[in-house]
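Colleague: generate coordinates for the sequence data below:
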Amino acid sequence: NDTANTNLDFYEFNAKLTQNLYDFGLTTSKIEKAQNTLELAKVSESNVKINKIYESLSAYLNYIKAYKILEFSKQSEGRIREVSNLENEKVAKGAGLASNVLQSKAKLAGAKSTRVKSQGELEVARNRFFNLFRELPKDFSTFEIPKLPLALLPPSEEDAIKIAKQNNISLKLSSLNIENAKSSIKTSKSKFFPSLKASAEYKNKRNMSGLDGTEIDHIYKIEMKYPISIGGPYGFFFKENSDYKSSMNQYMMAKYSYDQMERNLEESVRNAWQTKENSKENYEYLANQANISGEFFDIAMKEVKLGN
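Modeller: Numbers count the residues shown, from 1 in each chain. From the prediction side, this is the model:
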């Protein structure tokens, strides 16, 4: 071979741009699904924060409740012990009845049992407090008892149900799952149709393959892609049919879950509203009973001291 050797500097540069023209909603459904996923993450984050606030408030208020119940139990035990001592003194003087002494001792034993139970509940509340705040409760005088936000309560049961449906985190998450299922249906439907893409490509070659010179190519194309699966029980589009049926089943499951959750939420709100009404009415009766019991105890103490 008498051909002279060549020594040339060479390079090759390629650039290609591709633009989707139409894909029968495939890209749109992917965007919608991504947006729903983002919204799901935001709602989940809000749910975690709300749960932590709720747990903290519950631990704080439960400790206050347990502490006050224990104090009331101690006071009750002290007053019953005082009555029991007076009954013992009456019997010792020959003025009392042994049956009254036994009755007062039985009441005292019950009061002690209640006090021990209250002490255990206070320890449980203390442990929960430490678990959340990583410090033991300080002196009870440092605790502030919050006022009941009665003004924030809904005016009626139906309003309470409406507010619950608007703000319930679990219901929001379930609703977003439905939207995701709808997007999946759109995605599966779009697979039955072709997609169109436009592309423009630029190639610049200089001194390639030992040939002196520059070669520039411009390529413009419109491409249609139409994948068709054949086989299975459906013949044509067996894979696409399977994806579509699967996405429809997911939507029906998500819709059923949402409807069931909405019904359960409505039931819970109605039960809570009824409990609130019963507690309000029962509070008035219990307050009256406590006042009568207090007056009765004072009269009984006077009678015991007088020897009756």
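Colleague: once you drop chain neighbours, what's closest to Thr27?
Modeller: Spatial nearest neighbour of Thr27, excluding adjacent residues (Cβ to Cβ, 6 or more residues apart in numbering): Asn20 at 6.1 Å. Glycine gets a C-beta too; all of them are placed from N, C-alpha and C.
Colleague: tell me what the one you found is bridged to.
Modeller: With DSSP bridges as the criterion, the beta-bridge partners of Asn20 are Lys197.
Colleague: contact partners for it?
Modeller: Asn20 makes contact with Thr27, Ser195, Leu196, Lys197, according to Cβ atoms under 8 Å, 6 or more residues apart in numbering.
Colleague: got a winner among the residues you listed for most neighbours?
Modeller: Ser195 (18 neighbours; other Cβ atoms under 10 Å).
Colleague: other SSEs contacting the host helix or strand of Glu77?
Modeller: Assessed by DSSP states H and E, Glu77 sits inside helix 26-92. Counting contacts by 3 or more Cβ pairs under 8 Å, 6 or more residues apart in numbering; DSSP states H and E, helix 26-92 is packed against helix 98-133, helix 169-190, helix 238-306.
Colleague: could you check the angle the shortest one makes with helix 26-92?
Modeller: This points to helix 169-190. 160 degrees (axes from the mean of the first three to the mean of the last three Cα atoms, to 10 degrees).
Colleague: one more: the last one?
Modeller: Counting by the same axes, to 10 degrees, helix 238-306 lies at 20 degrees to helix 26-92.
Colleague: quick one: list the elements packing against helix 238-306.
Modeller: Counting contacts by 3+ Cβ pairs under 8 Å, 6+ apart, helix 238-306 is packed against helix 26-92, helix 157-167, helix 169-190.
Colleague: for the second one, same thing?
Modeller: Under the contact criterion of 3+ Cβ pairs under 8 Å, 6+ apart, helix 169-190 touches helix 26-92, helix 238-306.
Colleague: per-residue confidence averaged over it?
Modeller: Helix 169-190 carries an average pLDDT of 90.
Colleague: by how many degrees do that helix and helix 157-167 diverge?
Modeller: Here helix 169-190 runs at an angle of 50 degrees relative to helix 157-167 (the same axes, to 10 degrees).
Colleague: give me the buried stretch members for helix 169-190, please.
Modeller: For helix 169-190, the neighbour count (16 or more other Cβ atoms under 10 Å) marks 171-190 as buried.
Colleague: need the pLDDT of the residue most central in space within the chain.
Modeller: Nearest residue to the geometric centre of the chain (Cα atoms, centre = their mean): Asn47, 4.8 Å. Looking at Asn47, its pLDDT is 88.
Colleague: tell me the most buried of the helices and strands packed on helix 169-190?
Modeller: Mean neighbour counts were compared across the helices and strands packed on helix 169-190 using mean count of other Cβ atoms under 10 Å; the top stretch is helix 26-92, at a mean of 15.
Colleague: does Lys138 count as helix, strand or coil?
Modeller: Per DSSP: H, G, I helix; E, B strand; the rest coil, the secondary structure class of Lys138 is coil.
Colleague: for burial, what's the neighbour tally of it?
Modeller: Neighbour count for Lys138, taken as other Cβ under 10 Å: 8.
Colleague: one step back: need the contact list for the residue nearest to the residue nearest to the centre of the chain when sequence neighbours are not counted.
Modeller: The shortest distance from Asn47 to any non-neighbouring residue, by Cβ to Cβ, 6+ apart, is to Ile169 (4.3 Å). By Cβ under 8 Å, 6+ apart, the contact list for Ile169 reads Val43, Ser46, Asn47, Ile50.
Colleague: closest one to Glu215 out of the residues you listed, please.
Modeller: Nearest to Glu215, judged by Cβ to Cβ, of the contacts of Ile169 is Val43 at 56.7 Å.
Colleague: look up how far Glu215 lies from Asn204.
Modeller: To Glu215, Asn204 is 8 Å away according to Cβ to Cβ, to the nearest Å.
Colleague: one more: Lys65?
Modeller: 86 Å.
Colleague: what's the answer for Ala106, then?
Modeller: The span separating Ala106 from Glu215 equals 110 Å under the rule Cβ to Cβ.
Colleague: good, wrapping up.
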